[in-house]
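Trainee: show me how the following folds:
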Amino acid sequence: MKFLFVDDDPSLSEMMCLFFEKKDDTLVIADNADSAYDLIKNTSFDSIILHLAMPKVSGVDLIYRLNKDGLMDGKKIFVYTAAPFSEKDLNELIENGIVTWIRKPIPLSKLYELVSAA
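Mentor: Numbers count the residues shown, from 1 in each chain. Here you go, the predicted structure:
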């Protein structure tokens, strides 16, 4: 399977890469929302794991941009965040096309189980 991981934390991205490689999957890394947008526009992924709190352009802004540009169809986006989320915020993101949100921290095996089953 091929996944996209969008997070501005290089150490977390490296750890995720190693974990997914051990599962014989491909994990492509984007360290910001603009890079992620280009990858999503031009590449097919089985699932996308998106961190929300990033500098310059947030994950929420990326979701809205993908939706506005008609690029959310068929995308399986999982929001990955430690930020508190209200039911209203979560419902709004689901209405805009995300699968669900995953609260940090989470064991990598559980994260993998969620995103690979989608």
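
Trainee: any chance you could map the helices in this structure?
Mentor: Taking DSSP state H as the test, the helices found in the chain are 10-22, 33-42, 59-68, 87-95, 108-117.

Trainee: angle of the third one against helix 33-42?
Mentor: Meaning helix 59-68. 30 degrees (axes from the mean of the first three to the mean of the last three C-alpha atoms, to 10 degrees).

Trainee: and helix 59-68, what does it pack against?
Mentor: helix 33-42, strand 47-51, strand 77-81 (3 or more C-beta pairs under 8 Å, 6 or more residues apart in numbering; DSSP states H and E). To be clear about C-beta, it is placed using only N, CA and C from the backbone, and glycine gets the same treatment.

Trainee: who touches the first one?
Mentor: Outside of helix 33-42, the residues that reach it under the criterion C-beta atoms under 8 Å, 6 or more residues apart in numbering are 4, 6, 28, 30, 45, 48, 50, 54, 56-59, 61-62, 65-66, 69, 71, 75.

Trainee: how many neighbours does Cys17 have?
Mentor: When neighbours are defined as other C-beta atoms under 10 Å, Cys17 has 15 of them.

Trainee: still on that earlier bit, tabulate the helices and strands packed on helix 59-68 (JSON lines), appending mean neighbour count, distance to Ser116 and mean pLDDT.
Mentor: Listed next are the helices and strands packed on helix 59-68 as JSON lines, based on neighbours: other C-beta atoms under 10 Å; distance: least, C-beta to C-beta, whole Å; pLDDT from 0 to 100:
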{"stretch": "helix 33-42", "mean neighbour count": "17", "distance to Ser116": "18", "mean pLDDT": "98"}
{"stretch": "strand 47-51", "mean neighbour count": "26", "distance to Ser116": "7", "mean pLDDT": "97"}
{"stretch": "strand 77-81", "mean neighbour count": "22", "distance to Ser116": "11", "mean pLDDT": "94"}
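
Trainee: adding distance to Glu87, write those out as a markdown table.
Mentor: Converted to a markdown table, the helices and strands packed on helix 59-68 look like this (distance: least, C-beta to C-beta, whole Å):
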| stretch | distance to Glu87 |
| --- | --- |
| helix 33-42 | 24 |
| strand 47-51 | 19 |
| strand 77-81 | 14 |
